[in-house]
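Peer 1: Got a predicted structure here, sequence first:
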Amino acid sequence: MNLSLPQPDSVSVFKALYKHAAANGRDRMLFGTNQEKLFRAFEKMPLSDCFPNIYLEFPLCGDPFCDLICMFHKLPDIKTLKPYQGYGLERTLEWRKNMKNPKGFFCLEADVSSKEGLPVSPVWDMRFAPEEAGNFLETLDAQCRIESFNDYINRMPKSWKSFYIGLYPGRKGAPLRIGVLFSDEEKAAVHENPDILKEHLTQVGFTSFDDDMLSSLSYMIRPDFPYEIQFDLYPDGRLGESIGAIATIFGDAAIFSTDYMVKDKAALFMAELEEKGMIDGRWRLLHDSYLAKKKPMVFEDGSGAFFHMFVMVHSVKLKYNDRVPSSKCYLGMSAGYL
């Protein structure tokens, strides 16, 4: 993405992308009625001259709602933030901006569907600088969580790969969200024998499962899709009663085919989940939310470039709270000069 060219206003771009995704009644059926809260949450993000990757998180069962995730390629100079921007996370933003190894993503998640005014949740991809995990928590005044986090990491099976951590101060108990990626070997082993998943969950300290849950979590594993699971770690060191499993169904087919949610592997996977009763039929509305558009831009010096905008399904999530299942989808939005 070319960051040297003048970038359109991020708020206007986001509203345009959302308008497309929500057209023809999809807002009511997929996202609920929190559009203005969603826009306000985005406007409070630490926006720079580079449009962030956006993920709208919404259910594929039950009543519609929508939460917001912003993944930042570039953070602004913290001193330039307007008074309402940044959510009070200046220390964390400054830490991220000054990292020696800035690889991996940095996100802020806003629970738009909850009470307005809740703090956002910072989530950081720790794969490329795991030694920085303690510093990340310190910027959030969460030094007391470092020991229990390290204990969890030491219990992890070798076939699991540390992925991200995030602090959710607006949620009950202020959990530390921990995500892990399954290696290809782990995916193949669990898909063939779900008892391996039971063994590994027990190893890290998660025991709130039954046979149906293990079967569904294992069913989500496919060779072609990256697979992650996530836990909530609480201040007393225990893992919570919830677990999430995410299959990333976005791929090259999404970029080059407008039918990837109709006939490609992603669509077949979603249809199988629907047949199993793990999601409902509203996922079929997502085909018409697809967008891959380029707009010609002409600058003051007479030069020009194409500004690209994308809306594509990124992933599907199966979550259990106290062994009660639910499902969600993540709709990705991006924009910039390519």
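Peer 2: Structure received. Treat the numbers as computed from the prediction; the structure is a model and nothing was measured.
Peer 1: where along the stretch 151-300 of the chain do the helices fall?
Peer 2: Counting by DSSP state H, counting those that start in this stretch, one finds helices in the stretch 151-300 of the chain at the ranges 184-192, 195-204, 211-219, 252-256, 265-275.
Peer 1: how big is the angle separating the third one from helix 195-204?
Peer 2: Pointing back at helix 211-219 there. 110 degrees (axes from the mean of the first three to the mean of the last three Cα atoms, to 10 degrees).
Peer 1: gap between helix 211-219 and the chain center?
Peer 2: When C-alpha coordinates are averaged (Cα atoms, centre = their mean, to the nearest Å), helix 211-219 and its chain have centres 22 Å apart.
Peer 1: Then stretch 162-173?
Peer 2: Between the centre of stretch 162-173 and the centre of its chain there are 12 Å (Cα atoms, centre = their mean).
Peer 1: Same check on stretch 169-185?
Peer 2: With Cα atoms, centre = their mean as the basis, stretch 169-185 stands 11 Å off its chain's centre.
Peer 1: Quick one: end-to-end distance for it.
Peer 2: Its first and final residues considered, stretch 169-185 spans 35 Å by Cα to Cα, to the nearest Å.
Peer 1: tell me the contacts of residue 48?
Peer 2: Residue 48 sits next to 72, 74, 75, 76 when contact means Cβ atoms under 8 Å, 6 or more residues apart in numbering. Where C-beta positions appear, they are placed from N, C-alpha and C, glycine not excepted.
Peer 1: returning to what we had before: would JSON lines of the helices of the stretch 151-300 of the chain with mean neighbour count be doable?
Peer 2: JSON lines is the format used below for these (neighbours: other Cβ atoms under 10 Å):
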{"stretch": "helix 184-192", "mean neighbour count": "16"}
{"stretch": "helix 195-204", "mean neighbour count": "17"}
{"stretch": "helix 211-219", "mean neighbour count": "16"}
{"stretch": "helix 252-256", "mean neighbour count": "13"}
{"stretch": "helix 265-275", "mean neighbour count": "17"}
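Peer 1: Of all those, which one comes closest to residue 17?
Peer 2: Comparing the helices of the stretch 151-300 of the chain against residue 17 with Cβ to Cβ, the closest turns out to be helix 252-256 (15.3 Å).
Peer 1: could you say which helix or strand contains residue 330?
Peer 2: Element membership for residue 330 (DSSP states H and E) is strand 324-337.
Peer 1: List the strands paired with that strand, with their directions.
Peer 2: Looking at strand 324-337 with DSSP bridges, its partner strands are strand 53-59 (antiparallel), strand 304-321 (antiparallel).
Peer 1: picking that back up, of the contacts of residue 48, grab the buried ones for PyMOL.
Peer 2: Remark: buried members of those, expressed as a PyMOL selection using 16 or more other Cβ atoms under 10 Å:
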select buried, resi 72+75+76
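Peer 1: re the thing from before, select from the helices of the stretch 151-300 of the chain the stretch with the lowest mean pLDDT.
Peer 2: Here the lowest mean pLDDT among these goes to helix 252-256, at a mean of 53.
Peer 1: Low-confidence regions, the stretch 1-150 of the chain specifically.
Peer 2: For the stretch 1-150 of the chain, applying pLDDT under 70 flags the ranges 1-7.
Peer 1: cool, and the stretch 201-338 of the chain?
Peer 2: Judged by pLDDT under 70, the stretch 201-338 of the chain has its weakly predicted residues at 251-260.
Peer 1: Tell me which residues touch residue 75, please.
Peer 2: With Cβ under 8 Å, 6+ apart, residue 75 has these contacts: 46, 48, 93, 96, 97, 106.
Peer 1: List just the nearest of those residues to residue 193.
Peer 2: Looking across the contacts of residue 75 and measuring by Cβ to Cβ, the closest to residue 193 is residue 106, at 36.3 Å.
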